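Undergrad: the following comprises the amino acid sequence and a computationally predicted model.
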Amino acid sequence: MRRPGGWLLIVVGSLLALVGIAVAWIFGPDNRAATGPHGYSSAGAAVVTAPAALAYSGPRVEVTAAAADRPVFVGVAYDVDVRDYLARTAYTQIDSIDLPWSTETSTVPGDRQVSVRPADVHFWLVSASGDGGATVVFPLPDAAVDVVVMDADGEPDLSVELTVAVVQSGAFVSGLALLAVGVGVAAGGGLLLRHAPRRARRRGRARPGRRRRPRGKPAVES
Amino acid sequence: MRGSSRGRRWLVGVAVASAVAGCALPHHKSLGDASKPGASSAVAQATLASYARDRAVSDATWDVKALASLETGAVLDIDQSSLVIRRALGITARPFALDDAVTVWAPRFDSYPLWFVAVARVQKQQEQIVCVFSRKSSTDPWLLEAAPRLAGDTETPGVGRAADATVARLLPGSPQTWSDGAAVTLTSPVQQIADDYADVLTSAKSEHVDEFVTDSFITQMRQIAKEQPTQGVRFEQRWTAGDVTYVLRLADGGALMFVTLKRVDRFEVRPGQTLKFAGSEAGAYLPDPIRRKARLDYEHQVLMVVPRDGKPLVIGQYGGLVGARGR
């Protein structure tokens, strides 16, 4: 029983180690699985994801928008609020996102500017703004929400670089820990194989189909 | 996130990595329902607290205009008029203060306007206030649109809640369907119930008298009508119901309706007679004395319970004189 058990531990340990390496590699020391920056622009005041573009919920996501020399606003809100807020405004809509990163966009016509600055409305679930860039981190909710990237003053001709990441604190350490556990399990399997009973090893050599020569008698070939 | 094989592989990779790292696993969500609750509990509490704070300032400074940034509709008419009357009569109001909401009823909406209901105790008074806050658009503030008061010991009706704690509302323009798609099972349309109730208030001989419980509001309003002067004066009182907009479904399938009732009191003074309003609320608006005719306009917001099986009754009200003219 020790021999198959040893191999099983080696296989399981190797798999755990591979997954651990993958987790550590995907998240990295900053615990972020990121893609980007990806460039988007709008003749209007905003770049907005459609609800269908955020068709999954669960993970904690970080969205960073960067635009040189202008104040940037990033907000997440219910689609009902965003549709009403931008009802008369032109913007670029990200209709779908194909991972790791490929998007389809469309242009929504309207006024080039918004009448109320994004920071002056109070429906955002999470929001941030800053000169040159802004970052929000939020769990992808089960509801229909949109990510809105705007010039913080609502000015048109927006051009931004978006970086999107799945964030999980401790992911890198978890990956390394899994790697260590995997290596340990595999090493345990190796030890089991090494200390398996010799009888079992001899049996292992006597495979069916091989002829064993009788001891003390020379082989005669005709 | 479309389902290309490369995308799916990436997603599976992230899912495995996420699971190992302790992340929430990504799962596909239903995209059919884009609606949202009218307000979260936190938003409702903050809106109520902000209203109470600003309303207290407005009361203390007798600032009629400031009220317009807090209220709308009939409740604004009533409170603005109340300030005018108090200023005219030199009455100082008790400081306005509310406890936190004990109940929030928030329906779901797929477009603006939004609204929600918050029930709170009025501090230092044996009253509860049932507030309807509405928001016309995403850039407008929450405004108080209805505020019937209940006695302190009145139990608020059981409003049915969905799994996400939201409540069902009657869809505007669709009186036979609740917002969750269920059919309305009331014996009459809600607007008809409100109109019939107004008819009962206008006349004790209304054909609809037997369709309603003779509640304390009916009793009180009939008593007020009886106490109006009749010597040398012809008095007439009429009630009409406004459009019924705010209706929630009760747990038993009935309805909880916010109804605005308009009451007009008309006085025709016989030749040689006079009518005096000095010192009364109407005196803030009317000349003294009245020699020919006067019209007093009142608005009352009532909270009406319409049980699935049973007669409707009003369990709370808020109202007052909103204007008067005469000569």
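TA: Arrived safely, thanks for sending.

Undergrad: residue boundaries of the strands in the stretch 101-250 of chain B?
TA: According to DSSP state E, counting those that start in this stretch, the stretch 101-250 of chain B carries its strands in the segments B:108-109, B:114-122, B:127-135, B:143-146, B:149-151, B:170-171, B:174-178, B:233-241, B:246-249.

Undergrad: ok, the lengthiest helix in chain A near chain B or not?
TA: Using DSSP state H to assign secondary structure, the helix with the most residues in chain A is helix A:2-27. Yes. On the criterion Cβ under 8 Å from any Cβ of the partner chain, helix A:2-27 is in touch with chain B at A:19, A:20, A:22, A:23, A:26, A:27. All C-beta spots, glycine's among them, are computed from the backbone N, C-alpha and C.

Undergrad: residue B:202: neighbouring residues, count only.
TA: By the criterion of other Cβ atoms under 10 Å in any protein chain shown, residue B:202 has 18 neighbours.

Undergrad: ah, wrong one, I meant residue A:57
TA: Residue A:57: 18 surrounding residues under other Cβ under 10 Å.

Undergrad: sketch out the low-pLDDT regions of the stretch 151-300 of chain B for me.
TA: Counting by pLDDT under 70, the stretch 151-300 of chain B contains no low-confidence residues.

Undergrad: okay, the residue nearest to the spatial centre of chain B: pLDDT?
TA: Centroid-nearest residue in chain B: residue B:146, 2.8 Å away (criterion: Cα atoms, centre = their mean). On pLDDT, residue B:146 comes in at 97.

Undergrad: ok, back up a step: out of the strands of the stretch 101-250 of chain B, nearest to residue B:273?
TA: strand B:233-241 (6.7 Å; Cβ to Cβ).

Undergrad: strand partners (parallel or antiparallel) of the closest one?
TA: strand B:255-269 (antiparallel) (DSSP bridges).

Undergrad: quick one: the strand it pairs with to strand B:127-135, angle?
TA: Angle of strand B:255-269 versus strand B:127-135, following axes from the mean of the first three to the mean of the last three Cα atoms, to 10 degrees, is 100 degrees.

Undergrad: next SSE after strand B:255-269?
TA: strand B:293-306 (DSSP states H and E).

Undergrad: can you give me the angle that following strand makes with strand B:233-241?
TA: 40 degrees.

Undergrad: tell me the strands beside strand B:293-306, with direction?
TA: Strand B:293-306 has the following sheet partners, assigned by DSSP bridges: strand B:255-269 (antiparallel), strand B:313-326 (antiparallel).

Undergrad: picking that back up, centre of the chain to the longest helix of chain A, how far?
TA: 21 Å (Cα atoms, centre = their mean, to the nearest Å).

Undergrad: how long is stretch A:21-32 end to end?
TA: End-to-end distance for stretch A:21-32: 15 Å, by Cα to Cα, to the nearest Å.

Undergrad: residues of it that come out buried?
TA: By neighbour count with 16 or more other Cβ atoms under 10 Å in any protein chain shown, stretch A:21-32 contains the buried residues A:22, A:23, A:24, A:26, A:27, A:31, A:32.

Undergrad: any idea how far the fourth one is from residue B:251?
TA: Same thing as residue A:26. Distance of residue A:26 to residue B:251, given as Cβ to Cβ, to the nearest Å: 49 Å.

Undergrad: any idea which helix or strand comes after the longest helix of chain A?
TA: Immediately after helix A:2-27, counting by DSSP H and E, sits strand A:32-42.

Undergrad: what's the neighbour count on the residue lying closest to residue B:119 once chain neighbours are set aside?
TA: Distances taken as Cβ to Cβ, 6 or more residues apart in numbering or on different chains place residue B:103 nearest to residue B:119, at 4.1 Å, with adjacent residues excluded. Residues within reach of residue B:103, counting by other Cβ under 10 Å, total 14.
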